[in-house]
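Engineer: with the input below, show me the fold.
(one chain, ligands or ions: 1)
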Amino acid sequence: MSSRTGVVLAGGKSRRFGRPKAFETHEGSYFYERSEHALLPWTDQVVIQTSLELQPLFPGGKVYTDMEKWRGEGPLAGLYTAMKREESEHFILLPCDVPFLTSEVIGEMIVWKEENGITAPCALKGNGRLHPLISIWEAKDTEEINYLLEQGERSAHRVFLNLGGVSVEAAALKGVTGKHLCNVNTEDEYKKGSLL
Ligand SMILES: Nc1nc2c(ncn2[C@@H]2O[C@H](COP(=O)(O)OP(=O)(O)OP(=O)(O)O)[C@@H](O)[C@H]2O)c(=O)[nH]1
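Structural biologist: Numbering: from 1, shown residues only. Just a heads-up that it's a prediction; the model follows:
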């Protein structure tokens, strides 16, 4: 059983961006690759969780589509699918639209969580809000997430809170800045983030 699996969320519609965000580039790498590379040093494996439409565009590796039942229903369904498919103690989640985030941020989060003995999900807080998709989830919570999905819940934020999730302030982590957390939904946000 591998103890940490990285999950890159790379489905969705990218309506605000106008084309699939996963395949935008920053410094010569696709956005999804940047999330993948941020996770690789800290995990035993990284899986990409995407949609049926986008799956053929990825070059290989473990590229999963969301469970049929919740196809197109958002990031939480993507996380749950990966948790069901892979045996792992911890799931480190990243969206594909945080091109400025680095592996150092993930390392700092893991250390903070372990040092503080947190056994609940843990997510980063910064730029004035919680980032439930920049987070670490526990295999023990898989069935509770399933239950909440079955109840119609689709918000990763509310599920995180429901499971007693603990947030860590970016400012409490060494070297982590607002730029790292910059979430790119539009071309303008990408340009602004690049200037930070
Ligand atoms: N696997 C999976 N990932 C998703 C899904 N919806 C969104 N994501 C991912 O979750 C992250 C946040 O997505 P959003 O920006 O909120 O949604 P989006 O559909 O990509 O973009 P908009 O259409 O502009 O809202 C991104 O990394 C998306 O790729 C989904 O249904 N399944």
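Engineer: going on from the longest helix anywhere in the chain, what's the next piece of helix or strand?
Structural biologist: Secondary structure of the chain read by DSSP state H shows that its longest helix is helix 103-115. Counting by DSSP states H and E, the next helix or strand C-terminal to helix 103-115 is strand 122-126.
Engineer: low pLDDT regions in this structure?
Structural biologist: 1-2 (pLDDT under 70).
Engineer: close to the ligand: what parts of it are there?
Structural biologist: Proximity of the chain to the ligand (C-beta under 6 Å from any ligand atom) is limited to residues 9-17, 21, 49-50, 66, 72-75, 77-78, 95-97, 133, 185. In short, each C-beta sits where N, CA and C put it, glycine included.
Engineer: what do you get if the cut-off is 5 Å, keeping everything else the same?
Structural biologist: Taking C-beta under 5 Å from any ligand atom, the part of the chain that reaches the ligand is made up of 9-16, 49, 66, 74-75, 78, 95-97.
Engineer: circling back to that earlier point, buried residues, the longest helix of the chain. List them.
Structural biologist: Neighbour-count burial for helix 103-115, counted by 16 or more other C-beta atoms under 10 Å, picks out Val105, Ile106, Gly107, Glu108, Met109, Ile110, Trp112, Lys113.
Engineer: wait, the fifth one sits on Pro121?
Structural biologist: No: under the contact definition of C-beta atoms under 8 Å, Met109 does not touch Pro121, with a separation of 11.4 Å.
Engineer: export the longest helix of the chain as CSV, just CAs?
Structural biologist: Provided in CSV are the C-alpha atoms of helix 103-115 (Å, rounded to 0.1, in the frame of the first residue of the first chain):
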residue,chain,number,x,y,z
SER,A,103,6.8,21.4,-4.5
GLU,A,104,8.2,23.4,-1.6
VAL,A,105,4.6,24.4,-0.7
ILE,A,106,3.5,20.8,-0.6
GLY,A,107,6.5,19.8,1.5
GLU,A,108,5.8,22.6,4.0
MET,A,109,2.1,21.5,4.3
ILE,A,110,3.0,17.8,4.9
VAL,A,111,5.5,18.8,7.6
TRP,A,112,3.1,21.2,9.3
LYS,A,113,0.3,18.5,9.3
GLU,A,114,2.6,15.9,10.7
GLU,A,115,4.2,18.2,13.3
